[in-house]
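In: Sequence and predicted structure below; questions after.
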Amino acid sequence: MSRSAQPVFIALQANNDTLAIIDAIHEDNPNAQVNEYPAMVKIDCPGRLVIRRESIEERMGRSFDLREMQINLISLAGEVDESEDEFILEWKTA
Amino acid sequence: MAADGDRKPAKKLNLKENYALLTRGLGWEPSYQKKEDIFRTVDFEGVKIHDWDKWEDPFRLTMDAYWKYQGEKERKLYAIIDAFQQNNGQFNVTDVRYVQALKVFLNGIVGLEYASHRGFNILGRELPGVGPRIAAQMQAIDELRHATTQIHAISHYNRYFEGMAEFPHQFDRVWYLSIPKSFFEDAVASGPFEFIVAISFAFEYVLTNLAFMPWMSGAAFNGDMSTVSFGFSAQSDEARHMTLGIEVIKFLLEQDPANVPLVQKWIDKWFWRGYRLLALLATMMDYMLPKRVMSWSEAWTIYYEENGGALFSDLARYGIKPPKYADVTVKEKHRVSHEMWSVFYTVRDALGFPIWLPSKEEMDWFSEKYPETFDRYYRPRFEYWRELEDKGTPFRSSTLPKLCQVCQWPCLYTEPDDASEFVHRQGEYQGEIFHFCSDGCSDIFHDEPEKYVHAWMPVHQIYQGNCFKEGVDPSAADFNPMAAALDYMGIKPGVDGGSMRDHVDAQRWESWTARPANMHEGAITDAVRKTT
């Protein structure tokens, strides 16, 4: 199946809790673009964005449940697929 | 046989198994009642569902996690609100014009959160599938949380500023608040599938990012940590609701091809209804934030054209097209905030918040952000009105505007291809003439005229004499119908609306903060010490 290049995004509150998350997303998704706004960080990525639990844990130095993102999540676009290890946003068709 | 103590504990369930047990294991088939007697409204719209178990909630939020994270969100939010209040944060925002936007929010939007709470409670009862029912019940609780946190946060401002104390009373009576009120009542008065497509998809998925992202970021930029915190806290639930919205659409489209035209019709209708409602936000962003993050036009480009474009290109595989009249919204993005602010200015005596003309600094910003329209159409108008103000003969409209029968906005919009010509559409139904602000609203009316002829149109009601307090005598010699109607709505002339320069909020702001009520135009009272 061809992959869509349409942008997905996730927006998080700009605070201490999300520094590690944003850093991890940036590292795991080379095409992601991090846009900073007052109090908010919006990360756009063509087609697909993966948020990995392990990458966040490495940076936080503690265990992390991906559902904790709910606390600092502002918005998102794309279809969500969530498991213990990965939170994926993607558009399925080109 | 091994002793019990040697037995390994049961393997911990993973997220998917946990969610499956909650949404499948807890449902049951009725035995002594007929299914159609229990779920009474699920069939009448003509939607065909073959297998409710195909429903998947991508967030897979279980009850324990829901309460845990919602509780944490609340503690965090109230810590910020406490800090804001203890530090007199209400005086640290850019200037008192910003506070007027909070009045619009409290009076116009909080009632929608509560209406949404009621709507999702109905869905939680009426949908036969367990997965969507649980999602609807969680959302109903979320919406109630939004209403209460918004009221709590803004109640602190109410101690210092006018125009906020009567918000539930005003929501049911003020002429322009019938715009948001009728929007949600239209949705709740639909069937369950139309409601969920209207609110979860067209409104929340496609449109609410504009309210909670650029506008709330703007609130932060203007120093209001309390509002940005309830905004982002609400929007973190909204991300879950939006996911529900797209899941609903996919589920309906995959269940039966006969659902496709129904869903398309609802997307077309509710995108347009939601877009008209959000026009209020266009003015809040462009005119009511003293320090701005981005223009309405830029926000529409990012959040509708780019992000909405990605969404609709994804849905194309089901045969779904972008909403009808989306092209009109793109044409209107260069004009809508200016057209609305102009109407607000002319009817400022009948509003619950004061109005001002944009400063020179703001008009220059508009010229830059709206190069195709501002200098040509709106700058000359505002400069002329400024001139009249300086002469002591400010322009005002003494009659009430003609309203659109569907969205209930005044017919203030201009032709998609001609910004100098007002849109005027009218149609006839059973010998009566009805007016519309746009082709979008006209189409919606003509699809269900029986519904919209019942709309409670505030301006009509005022002129028919139905908006006066009990005991008022319209035949008395000194009867003033406008004053009596405002009294009924809970708007105090000279206190709530009018011009910002003369407003009590502006006077008090300067005496309490020693800073100008309008940061671009200098002080209006002696309370602000001159430093130049």
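Out: Now that the structure is in, tell me what you want to look at. Model, not experiment: these values are computed from the prediction.

In: tell me what the helix-or-strand element of chain A with minimal mean pLDDT is packed against?
Out: When each helix and strand of chain A is scored by mean pLDDT, DSSP states H and E, strand A:79-82 comes last, with a mean of 88. Applying 3 or more Cβ pairs under 8 Å, 6 or more residues apart in numbering or on different chains; DSSP states H and E, we find strand A:79-82 packed against strand A:86-90. In short, each C-beta sits where N, CA and C put it, glycine included.

In: neighbouring contacts of the strand it packs on?
Out: For strand A:86-90, the external contacting residues (Cβ atoms under 8 Å, 6 or more residues apart in numbering or on different chains) are A:3-4, A:8-10, A:45, A:47-53, A:66, A:69, A:76-82.

In: at 7 Å instead, please
Out: A:8, A:10, A:47-53, A:66, A:69, A:76, A:78-81 (Cβ atoms under 7 Å, 6 or more residues apart in numbering or on different chains).

In: can you give me the strands for chain A?
Out: A:7-13, A:33-37, A:40-46, A:48-52, A:73-77, A:79-82, A:86-90 (DSSP state E).

In: Which residue, other than its chain neighbours, is closest to residue B:328?
Out: residue B:416 (4.8 Å; Cβ to Cβ, 6 or more residues apart in numbering or on different chains).

In: hmm, back to that, what comes into contact with the least confident helix or strand of chain A?
Out: Defining contact as Cβ under 7 Å, 6+ apart, one finds that strand A:79-82 is touched by A:66, A:88-92, B:58-60, B:243, B:246.

In: Turn these into CSV, including neighbour count.
Out: Formatted as CSV, the contacts of strand A:79-82 follow (neighbours: other Cβ atoms under 10 Å in any protein chain shown):
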residue, neighbour count
A:66, 18
A:88, 17
A:89, 24
A:90, 18
A:91, 22
A:92, 15
B:58, 18
B:59, 23
B:60, 22
B:243, 24
B:246, 22
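
In: Please give me every residue in contact with residue A:32.
Out: A:25-26, A:43, A:45, A:49.

In: Now it: closest residue in space, sequence neighbours ignored.
Out: Per Cβ to Cβ, 6+ apart, closest to residue A:32 is residue A:45, 4.2 Å.

In: ok, that neighbour touching residue A:8?
Out: Yes. Contact criterion Cβ atoms under 7 Å: residue A:45 and residue A:8 qualify, at 5.8 Å.

In: Mind checking which of those two has more residues around it?
Out: Remark: of residue A:45 and residue A:8, residue A:8 carries more neighbours, 27 against 21, as counted by other Cβ atoms under 10 Å in any protein chain shown.

In: can you tell me which residues contact the more buried one?
Out: Residue A:8 sits next to A:45, A:47-49, A:77-78, A:89-91 when contact means Cβ under 7 Å, 6+ apart.

In: which of the residues in the helix ranked longest in chain A are buried?
Out: For chain A, the helix with the greatest residue count under DSSP state H is helix A:16-28. Across helix A:16-28, burial judged by 16 or more other Cβ atoms under 10 Å in any protein chain shown covers A:18, A:20-25, A:28.

In: does chain B sit close to it?
Out: No. Residues of helix A:16-28 contacting chain B under Cβ under 7 Å from any Cβ of the partner chain: none, with a closest distance of 9.5 Å.

In: which other helices and strands contact that helix?
Out: When contacts are defined as 3 or more Cβ pairs under 7 Å, 6 or more residues apart in numbering or on different chains; DSSP states H and E, helix A:16-28 packs onto strand A:7-13, strand A:40-46, strand A:48-52, helix A:53-60.

In: At the contact with chain A, which residues of chain B appear?
Out: So chain B meets chain A at B:14-15, B:58-60, B:65, B:69, B:72-73, B:76, B:209, B:212-213, B:217, B:220-221, B:228, B:232, B:235-236, B:238-239, B:243, B:246, B:293, B:306-307, B:310-311, B:313-314, B:317 (Cβ under 7 Å from any Cβ).

In: Can you give me every residue that contacts residue B:181?
Out: Contacts for residue B:181 (Cβ under 7 Å, 6+ apart) come out as B:111, B:171.

In: Tell me how far it lies from residue B:401.
Out: As for residue B:181, its distance to residue B:401 is 17 Å (criterion: Cβ to Cβ, to the nearest Å).

In: Tell me the pLDDT of residue B:531.
Out: The model reports residue B:531 with a pLDDT of 57.

In: ditto for residue B:22
Out: With respect to pLDDT, residue B:22 has a value of 79.

In: was I right about it contacting residue B:62?
Out: Yes. Contact criterion Cβ under 7 Å: residue B:22 and residue B:62 qualify, at 5.4 Å.

In: what does chain A have sitting close to chain B?
Out: Going by Cβ under 7 Å from any Cβ, the residues of chain A near chain B are A:4, A:6-7, A:9, A:11, A:13, A:37-40, A:67, A:70-71, A:73-77, A:79-84, A:91-93.

In: Of those, grab the buried ones for ChimeraX.
Out: Only the buried members of the residues of chain A next to chain B enter the following ChimeraX selection, criterion being 16+ other Cβ under 10 Å:
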select /A:4,6,7,9,11,13,37,38,39,40,67,70,71,73,74,75,76,77,79,80,82,91
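
In: The residue nearest to residue B:328: neighbour count?
Out: 17.

In: And it, how close does it get to residue B:333?
Out: Taking Cβ to Cβ, one finds residue B:416 at 11 Å from residue B:333.

In: And residue B:84, by the same measure?
Out: Counting by Cβ to Cβ, the gap from residue B:84 to residue B:333 is 33 Å.

In: do residue B:214 as well
Out: Note on residue B:214: its distance to residue B:333, by Cβ to Cβ, is 13 Å.

In: for residue B:189, same thing?
Out: From residue B:189 over to residue B:333 the distance is 30 Å, taken as Cβ to Cβ.

In: before we move on, what about residue B:406?
Out: 21 Å.

In: Show me which of the two is the more surrounded one.
Out: Using other Cβ under 10 Å as the criterion, residue B:406 and residue B:333 rank with residue B:406 on top: 29 against 21.
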